[in-house]
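A.B. asks: Need a 3D model of the following:
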Amino acid sequence: MDDYSTKIKISAENLIRVIFPEKALELDTLVSSPVLSFNEVSKVRAEIRLPTVDDLIFYSNNIASGDVSFIYPFQQQRNY
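C.D. replies: Now for the predicted structure:
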């Protein structure tokens with residue numbers, strides 16, 4: 001039991017003294033990198049079109065009448 005306790009204690013000390021500081025530096029480097037730069041956040045935006053009440057009524061009426069030949073009114077073709 002003493003060997004197990006000693007092993008856990010050594011492992012915990014290594015984790016706190018060595019591993020945590022290394023990980024903190026890695027995270028700091030990552031956050032400071034241009035990949036995660038917040039300077040150009042205003043340039044990042046997604047074009048979305050949320051359904052309106054009219055879209056939902058149109059969709060509902062066409063489904064109720066059995067007409068499914070239309071394109072879903074607020075689903076846009078995406079080209080990835």
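
A.B. asks: Quickly find the element holding residue 50.
C.D. replies: Under the criterion DSSP states H and E, no helix or strand holds residue 50.

A.B. asks: How many neighbouring residues does it have?
C.D. replies: Applying other C-beta atoms under 10 Å, we find 6 residues neighbouring residue 50. In this view, the C-beta of every residue, glycine as well, is placed from N, C-alpha and C.

A.B. asks: Also the one 3 residues further on?
C.D. replies: The criterion is other C-beta under 10 Å. On that basis, residue 53 has 7 neighbouring residues.

A.B. asks: Can you give me every residue that contacts it?
C.D. replies: Applying C-beta atoms under 8 Å, 6 or more residues apart in numbering to residue 53 gives no contacts.

A.B. asks: What confidence value was assigned to it?
C.D. replies: Looking at residue 53, its pLDDT reads 87.

A.B. asks: Break the chain down into its structural domains.
C.D. replies: As assigned by automatic domain parsing, the chain contains the domains 1-38, 48-80.

A.B. asks: which stretch in those domains has the least confidence?
C.D. replies: Note on the domains of the chain: domain 48-80 shows the lowest mean pLDDT, a mean of 69.

A.B. asks: how about residue 12, secondary structure?
C.D. replies: What DSSP: H, G, I helix; E, B strand; the rest coil gives for residue 12 is helix.

A.B. asks: any idea how far it is from residue 25?
C.D. replies: 20 Å (C-beta to C-beta, to the nearest Å).

A.B. asks: do residue 58 as well
C.D. replies: 56 Å.

A.B. asks: Let me know the helix or strand that residue 29 is in.
C.D. replies: Applying DSSP H and E, one finds residue 29 within helix 20-32.
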